[in-house]
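> Just to be clear, the model below is a prediction. Sequence and coordinates:
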Amino acid sequence: MAITDAKPRRFVLWGALSSGAAALCAAAALPALAFVVVSRGGSGGRWVRTVRLDALADGTPRKVKIVTDEHDAWKLEKNAEVGTVWLVRNGEGVRALAAVCPHLGCSIGPSDDKSGFACPCHDSFFDAFGKRREGPSPRDMDALETRVVNDWVEVDFRRYRQGTPERIEIG
């Protein structure tokens, strides 16, 4: 029997195992890296086109769905409803208020007397500008920035933590 040198075979085996380990680490790291990139890119608000400015009557609140593409590290959902806002036109400007109660996240609607807004679940009442009048809500309704671009109202949509007196943004 001839004795052969085992070093070249060991080197090939070591190279194959190293390459496999590197590929496995990369496969595990890519989703985590994508999550970090999407999380950083998704923090803060995002401008969402809502309705045409001429669709809003001056001084009359209108509840509008916020529909946009929702994506995380693994999937993209097209035209997802991510929330609702109350839009109130004032001349050429528009005020936006989140339609989620800062108390426990219930849906806010118009008050019975139409002078403002109310959360019917726990009797929180807000004036026409979203200022808290009474009830357990720890703060005013959450105001959101708006802009008008090419006659369309855009909202810088954000979500805030419920149950706290401070506005703490959540992702």
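Everything's here; your move.

> Where does residue 24 fall, secondary structure wise?
helix 7-42 (DSSP states H and E).

> centre of the chain versus stretch 51-69, how much separation?
18 Å (CA atoms, centre = their mean, to the nearest Å).

> Who are the packing partners of the lengthiest strand in the chain?
Ranked by number of residues, the top strand in the chain under DSSP state E is strand 76-90. Contact partners of strand 76-90 among helices and strands, from 3 or more CB pairs under 8 Å, 6 or more residues apart in numbering; DSSP states H and E: strand 46-52, strand 62-71, strand 93-98, strand 152-157. C-beta: built from backbone N, CA, C; applies to glycine.

> quick one, the second one and strand 93-98 angle?
So that's strand 62-71. Angle, strand 62-71 to strand 93-98, by axes from the mean of the first three to the mean of the last three CA atoms, to 10 degrees: 70 degrees.

> Direction included, what does strand 62-71 pair against?
Using DSSP bridges, the strands paired with strand 62-71 in its sheet are strand 76-90 (antiparallel).

> tell me which residues of the partner strand are tucked away?
83-89 (16 or more other CB atoms under 10 Å).

> Out of those, which comes closest to residue 24?
Among the buried residues of strand 76-90, residue 83 lies closest to residue 24 (CB to CB), at 39.6 Å.

> Not counting its neighbours along the chain, what's nearest that closest one?
Spatial nearest neighbour of residue 83, excluding adjacent residues (CB to CB, 6 or more residues apart in numbering): residue 66 at 4.5 Å.

> for residue 98, same thing?
Per CB to CB, 6+ apart, closest to residue 98 is residue 142, 4.0 Å.

> measure the one you found to residue 89 for me?
Noted for residue 142: a distance of 19 Å to residue 89, by CB to CB, to the nearest Å.

> what do you get for residue 67?
From residue 67 to residue 89 the distance is 20 Å (CB to CB).

> Domain ranges for the chain, per the record?
As assigned by automatic domain parsing, the chain contains the domains 1-43, 46-170.
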